[in-house]
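Chemist: structure for this input, please:
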Amino acid sequence: MGPYYLIASLVHGTYDALPPKRKPVIRDNGLREWVPLSGIIAEGMKCLPSAKLPQAQGNVLHDWHAEVLAIRAFNRFVLEECRQLALGGPETSSPFLRRRTPDEMRASESTAGDDGDTENGWWHAQPFAWRDDVALHMYCSEAPCGDASMELTMAAQADASPWDIPSLPSSPFPPPSSPFPSNSATSAEAEPTTLPGRAYFSLLGAVRRKPARGDAPPTLSKSCSDKLALRQCASLLSGLAVLLVSPENAYVRCLVLPEAAYSVGGCRRAFSATTLDEEKKGNGEVEGENGVEVREAIAKAGEGRMRPLYGRKWGGGYSFRPFEVRTTGLEFAFSRREVSRSEKTATSNLAVAWTAAPTSLPIPTSPPPLAPTTSTPTPSILDAADAPTNAVRAPKALEEATLGGALQGRKQFDVRGASFASRRRMWGLAAEVADLLAATNKGAGMGEGTEEAGVAEIQRALAGARSYGELKVSRLLAARRKMKEDVRAEALKGWARNLGDDGFGI
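Modeler: Predicted coordinates:
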């Protein structure tokens with residue numbers, strides 16, 4: 001029993017402990033549902049159509065494929081951990097996060113300009129960092145949709161003949177003004193966006209949107225392969241979490257997949273930055289695969305699409321940190337392969353997210369007074385579990401089920417249906433943490449030192465933004481924007497941004 005089996009079994013074990021209402025069911029017509037699973041305990045396989053983004057107002061998840069939902073849940077856990085540290089004061093500690101030293105923060109202070117490109121580098125004065133001695137591993141019960149699973153998609157076709165691919169002079173991707181042509185004669189099945197889903201499966205190395213039925217509303221939500229590839233540069237931290245936690249150590253070290261859901265060539269092409277010769281010298285045999293088959297698959301896949309970013313470092317703590325892909329023989333009970341043993345199967349519409357409770361630290365009997373700010377959301381926006389008036393709530397694990405990106409049982413665009421991982425609630429929690437840190441510093445009589453100045457700057461960014469879109473272009477996130485621009489321009493070419501849900505405020 002190797003470490004990758006252990007990683008998968010820990011995820012499975014936690015999922016097994018969830019109540020039956022959080023799991024796929026056998027429908028009245030006999031169809032047995034299946035669903036992908038990813039750690040940190042999340043399941044799901046849908047996304048929000050582009051046309052509905054303006055209605056979301058930060059309350060609705062855009063993408064609830066298991067991999068993406070797991071990352072969002074991880075960010076919620078990180079913010080909750082920051083909150084516990086802020087409540088406990090300077091003497092508290094966490095097994096996951098550490099406080100950065102004034103020297104670390106001072107070395108990256110901004111000194112000029114509003115675009116973030118300062119003479120001493122990009123802003124990098126977060127009060128916390130992920131601990132160096134805690135490695136992050138991710139488990140997925142299915143191959144990530146998109147480029148990493150194209151060989152598996154081809155193998156599953158009754159007719160795996162390549163489709164005709166449009167001939168473009170400089171890029172395999174269509175320009176934004178022209179839709180991808182359809183392989184079908186019917187207009188109803190025409191590709192509705194500039195990115196292919198699972199269509200044109202012989203087009204390898206391409207940025208793709210989430211796969212969907214031919215009659216599904218169009219979406220620009222990128223495939224899990226593309227989003228995971230980007231995370232090798234951006235870290236697991238979201239733009240909100242990275243205001244409080246340095247991204248330096250928050251990278252996935254290893255991605256664990258079931259043996260039956262692993263394409264060595266597909267994963268290498270989607271995530272790697274090495275050439276074929278480097279692959280032979282560096283990696284040797286790949287677990288769960290025959291050596292000859294590995295070499296043939298690698299040769300067929302060619303150069304990894306992240307090659308232009310090999311060894312790249314950016315300001316703000318960002319760098320290209322490729323993860324390993326390893327396999328396990330352990331299968332998820334609700335995987336497509338296990339469920340397909342039944343005659344009738346269907347995909348589950350339910351998405352479930354779970355996070356561990358934040359570290360149990362001593363909590364004061366009464367909360368410190370909040371520093372004056374406009375950043376704290378009103379109770380009408382957040383539920384009682386998130387409201388700052390309940391600042392001494394005991395740490396607890398979070399668990400929820402969503403349908404259509406909103407809490408099960410709530411209307412899709414109702415603020416009361418916002419997931420704990422939604423943009424609005426995550427922004428509210430980040431603002432609360434900044435307020436608590438500022439209040440703790442003030443209560444301790446701390447002056448305007450490096451840490452206090454950094455917290456004040458974070459607090460101003462979260463409080464001063466009139467909209468989510470304005471927050472995203474904050475000077476404090478300039479290094480993150482620069483990194484993402486470079487990745488999209490050099491490696492993940494053809495990336496179309498999924499815009500429309502950034503006009504709301506708190």
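Chemist: what is the mean pLDDT for stretch 274-281?
Modeler: For stretch 274-281, the mean pLDDT works out to 57.
Chemist: quick one: Arg425 is in a helix?
Modeler: Yes - Arg425 forms part of a helix when assessed by DSSP: H, G, I helix; E, B strand; the rest coil.
Chemist: report pLDDT for the residue lying closest to it once chain neighbours are set aside.
Modeler: The shortest distance from Arg425 to any residue other than its chain neighbours is 5.3 Å, reached at Ala418 (CB to CB, 6 or more residues apart in numbering). (Glycine included, C-beta is placed from N, CA and C.) Listed pLDDT for Ala418 reads 87.
Chemist: Ala418 against Leu407, yeah?
Modeler: Yes - the criterion here is CB atoms under 8 Å, and Ala418 meets it with Leu407 at 7.3 Å.
Chemist: the two: which has the busier surroundings?
Modeler: Ala418 (29 against 22; other CB atoms under 10 Å).
Chemist: helix, strand or coil: sort out the residue lying closest to Leu350 once chain neighbours are set aside for me.
Modeler: Spatial nearest neighbour of Leu350, chain neighbours left out: Ala401 (5.7 Å); criterion: CB to CB, 6+ apart. At Ala401, secondary structure determined by three-state DSSP is strand.
Chemist: contacts only, for Ala401.
Modeler: By CB atoms under 8 Å, 6 or more residues apart in numbering, Ala401 lies in contact with Lys21, Arg22, Leu350, Ala351, Val352, Leu407, Gln408.
Chemist: low-confidence bits of the stretch 1-150 of the chain, can you list those?
Modeler: Confidence mapping of the stretch 1-150 of the chain against pLDDT under 70 gives the ranges 1, 40-64, 107-121.
Chemist: where along it do the strands fall?
Modeler: Counting by DSSP state E, counting those that start in this stretch, the stretch 1-150 of the chain has strands at residues 32-34, 37-38, 42-43, 97-99, 128-130, 136-139.
Chemist: and the ones you listed, which is most packed in?
Modeler: Greatest average neighbour count among the strands of the stretch 1-150 of the chain goes to strand 42-43 (a mean of 28), per mean count of other CB atoms under 10 Å.
Chemist: would you agree Arg98 is in contact with Phe128?
Modeler: Yes - in this structure, Arg98 is within contact of Phe128 by CB under 8 Å, at 6.9 Å.
Chemist: now the nearest residue to Gly39 once chain neighbours are set aside: how far from Asp133?
Modeler: Distances taken as CB to CB, 6+ apart place Val11 nearest to Gly39, at 4.1 Å, with adjacent residues excluded. Using CB to CB, to the nearest Å, Val11 is found at 21 Å from Asp133.
Chemist: between these two, which one's more packed in?
Modeler: Neighbours per residue (other CB under 10 Å) separate Val11 from Asp133, with Val11 holding more: 25 against 8.
Chemist: tell me the contacts of the more buried one?
Modeler: Contacts of Val11 by CB under 8 Å, 6+ apart are Leu37, Ser38, Gly39, Ile41, Tyr139.
Chemist: quick one: His137 and Leu257, what's the gap?
Modeler: To Leu257, His137 is 12 Å away according to CB to CB.
Chemist: my read: Ser263 touches Gly146, true?
Modeler: No - Ser263 is beyond contact range of Gly146, at 11.7 Å (criterion: CB under 8 Å).
Chemist: which of these two has more residues huddled nearby?
Modeler: Neighbours were counted for Ser263 and for Gly146 using other CB under 10 Å; Gly146 has more, 29 against 24.
Chemist: what separation is there between the closest residue in space to the more buried one that isn't next to it in sequence and Ser272?
Modeler: Excluding the flanking residues, the one nearest Gly146 by CB to CB, 6+ apart is Ser223, at 2.6 Å. As judged by CB to CB, Ser223 and Ser272 stand 17 Å apart.
Chemist: with neighbour numbers in mind, choose between the two.
Modeler: Shown here are Ser223 and Ser272; by other CB under 10 Å, Ser223 has more neighbours (29 against 23).
Chemist: the more buried one is in contact with Asp147, isn't it?
Modeler: Yes - under the criterion of CB under 8 Å, Ser223 lies in contact with Asp147, with a separation of 7.0 Å.
Chemist: touching both of those two, which residues are there?
Modeler: Counting by CB under 8 Å, 6+ apart, the residues touching both Ser223 and Asp147 are Val207, Arg208.
Chemist: could I get stretch 248-257 in PDB with only the CA atoms?
Modeler: This file holds the C-alpha atoms of stretch 248-257, laid out as PDB (Å, rounded to 0.1, in the frame of the first residue of the first chain):
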ATOM      1  CA  GLU A 248       5.200  30.600  -2.400                       C
ATOM      2  CA  ASN A 249       4.500  27.200  -0.800                       C
ATOM      3  CA  ALA A 250       0.800  26.700  -1.700                       C
ATOM      4  CA  TYR A 251       1.400  24.500  -4.800                       C
ATOM      5  CA  VAL A 252       0.200  21.000  -5.500                       C
ATOM      6  CA  ARG A 253       3.100  18.600  -5.200                       C
ATOM      7  CA  CYS A 254       1.300  15.500  -6.600                       C
ATOM      8  CA  LEU A 255      -1.900  14.800  -8.500                       C
ATOM      9  CA  VAL A 256      -3.200  11.300  -7.800                       C
ATOM     10  CA  LEU A 257      -5.400   9.600 -10.400                       C
END
